[in-house]
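# sequence first, predicted coordinates after that:
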2 protein chains.
Amino acid sequence: MADTETSQIEQICIDKGMRMTGQRRVVARVLSESEDHPDVEEIYRRAAMLDPQISIATVYRTLRLFDTANVIDRLEFGDGRARYEVTDDNAHHYHLLDVKSGEVLEFENKEVDRRLKEIAAELGYRLIGDRLDLYGTALEPGEKE
Amino acid sequence: MADTETSQIEQICIDKGMRMTGQRRVVARVLSESEDHPDVEEIYRRAAMLDPQISIATVYRTLRLFDTANVIDRLEFGDGRARYEVTDDNAHHYHLLDVKSGEVLEFENKEVDRRLKEIAAELGYRLIGDRLDLYGTALEPGEKE
DNA sequence: TTAATTGCAAAGTTTTTGCGACCAC
DNA sequence: GTGGTCGCAAAAACTTTGCAATTAA
């Protein structure tokens, strides 16, 4: 079972030379197995299923650690709570929020990537990060596209 | 002097049928005259110069009111506190943060506007809002652009 | 062995809210 | 006049931190 496997994030942390405690392994596993964008409470809830003794303070500390090490990305969609996802070094992506359902879609666009880098350069900056979130409502079938 | 004039935002609020109290006028004036992106504490500080009796609770309530009415935009640059700017219906713009100085530059780009709308449509959504923030470091003279 | 990490509870930040007094319309 | 708004202080929501006990390397 997956219970004894090394999760994707755990391996990254090991490679980065982090001290891997049981709690960090649990949080790493939770994040590796999440396909959504959970907030801290939700990550804590999922982690507590694997280790009922884990403290939310440790979850906060671990998320900050992983975020600082660029292992995960902290997202903010304007609802006050931070959400997290695993950093994907190969494919930088953006988000589209369905404002009615709260669902979050991810999308990539190389053309946008390139254009943003150019824009930063035109303004005299080296682009080191970006955040692009679209907010939309689902088009009904037949509705104008 | 400007003290008795109707500020840009105040007029918008009047047009929207809002009840205009002295405090709302003060916050409206502060925002109208701000060319930066102040956070709540800073807005409160500036408002208190015009009305020393104003409460920060009222500043929070007024900002939420203005934001909900789309008179101002709430910005989040990842530092935990919300910042605000006057909504510009004519020219939608994006932000570039100088991560070293904390300075915020604004830029427009019709091509990006159009592309984002197309992307949303391709995903099956009507775009109703977006947020695009670039993070960069200033290029030194002669540095690769 | 020992410096780093944990759980707990206390405290720090930012924002919201209940309530009686007050004010705009 | 009266429903909306204000100031105040309390509380809510989210996040960080001090400390003694525990643990990874």
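Sure, I can see it. In this text the structure is predicted, and so the values were computed from the model without any measurement.
# helices or strands next to the strand ranked longest in chain A in the packing?
In chain A, with assignment by DSSP state E, the single longest strand is strand A:125-138. Using 3 or more CB pairs under 8 Å, 6 or more residues apart in numbering or on different chains; DSSP states H and E, the elements in contact with strand A:125-138 are strand A:94-98, helix A:110-122, helix B:110-122, strand B:125-138. Any C-beta I mention is one placed from the backbone N, CA and C, and that applies to glycine too.
# so what are the sheet partners of that strand and their directions?
Sheet pairing for strand A:125-138, assigned by DSSP bridges, gives strand A:94-98 (parallel), strand B:125-138 (antiparallel).
# any idea which helix or strand comes after the shortest one?
It stands for strand A:94-98. strand A:104-107 (DSSP states H and E).
# put the alpha carbons of that following strand into CSV.
Coordinates of each C-alpha in strand A:104-107 appear next as CSV, following Å, rounded to 0.1, in the frame of the first residue of the first chain:
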residue,chain,number,x,y,z
VAL,A,104,-10.6,25.6,-9.4
LEU,A,105,-9.4,24.7,-12.9
GLU,A,106,-5.7,24.8,-13.9
PHE,A,107,-4.5,25.8,-17.3
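# quick one: residue A:44 and residue A:57 touch, right?
No: look at residue A:44 against residue A:57 with CB atoms under 8 Å: they stay out of range, at 9.8 Å.
# re the thing from before, list the buried residues of the longest strand of chain A.
A:125, A:127, A:130, A:131, A:132, A:133, A:134, A:135, A:136 (16 or more other CB atoms under 10 Å in any protein chain shown).
# Throw those into CSV and include pLDDT, thanks.
Putting the buried residues of strand A:125-138 into CSV (pLDDT from 0 to 100) gives the following:
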residue, pLDDT
A:125, 96
A:127, 95
A:130, 93
A:131, 93
A:132, 95
A:133, 95
A:134, 95
A:135, 94
A:136, 94
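# any residues touching the longest strand of chain A, and which ones?
For strand A:125-138, contacts defined as CB atoms under 8 Å, 6 or more residues apart in numbering or on different chains pick out A:77, A:94-101, A:112, A:116-117, A:120-121, B:78, B:96, B:98-99, B:116, B:119-120, B:123-139, B:143.
# likewise stretch A:100-120?
With CB under 8 Å, 6+ apart as the test, stretch A:100-120 has contacts from A:36-37, A:77, A:91-98, A:126-127, A:130, A:132, A:137-138, B:96, B:107, B:109, B:111-112, B:115-116, B:119, B:123, B:132, B:134, B:136.
# need the pLDDT of the nearest residue to residue A:22 once chain neighbours are set aside.
Once flanking residues are discounted, residue A:22 sits nearest to residue A:51: 6.7 Å by CB to CB, 6 or more residues apart in numbering or on different chains. Here the pLDDT value assigned to residue A:51 is 96.
# quick one, what contacts residue A:51?
Residue A:51 neighbours (CB under 8 Å, 6+ apart): A:22, A:23, A:26.
# apply 10 Å and report the result again.
Residues in contact with residue A:51 (CB atoms under 10 Å, 6 or more residues apart in numbering or on different chains) are A:22, A:23, A:25, A:26, A:27, A:29, A:30, A:58.
# give me every residue in chain A lying close to DNA strand D.
A:19-22, A:39-41, A:56-57, A:60-61, A:64, A:80-82 (CB under 7 Å from any atom of the strand).
# mind running it again at 10 Å?
A:13-14, A:17-25, A:39-41, A:43-44, A:53, A:55-61, A:63-64, A:67, A:74, A:76, A:79-84 (CB under 10 Å from any atom of the strand).
# just want the most central residue of chain A.
Taking CA atoms, centre = their mean as the criterion, residue A:85 is the residue nearest the geometric centre of chain A, at 1.5 Å.
# go ahead and confirm that residue touches residue A:31.
Yes: proximity of residue A:85 to residue A:31 meets the contact threshold set by CB atoms under 10 Å, at 7.8 Å.
# got the contact list for the residue of chain A found nearest DNA strand D?
In chain A, the residue found nearest to DNA strand D is residue A:57; the distance is 3.3 Å by CB to the nearest atom of the strand. By CB under 10 Å, 6+ apart, residue A:57 lies in contact with residue A:44.
# that one - that's part of a helix, no?
Yes: using DSSP: H, G, I helix; E, B strand; the rest coil, the assignment for residue A:57 is a helix.
# measure it to residue B:124 for me?
Distance of residue A:57 to residue B:124, computed by CB to CB, to the nearest Å: 41 Å.
# again, but for residue A:123
Where residue B:124 is concerned, residue A:123 sits at a distance of 33 Å (CB to CB).
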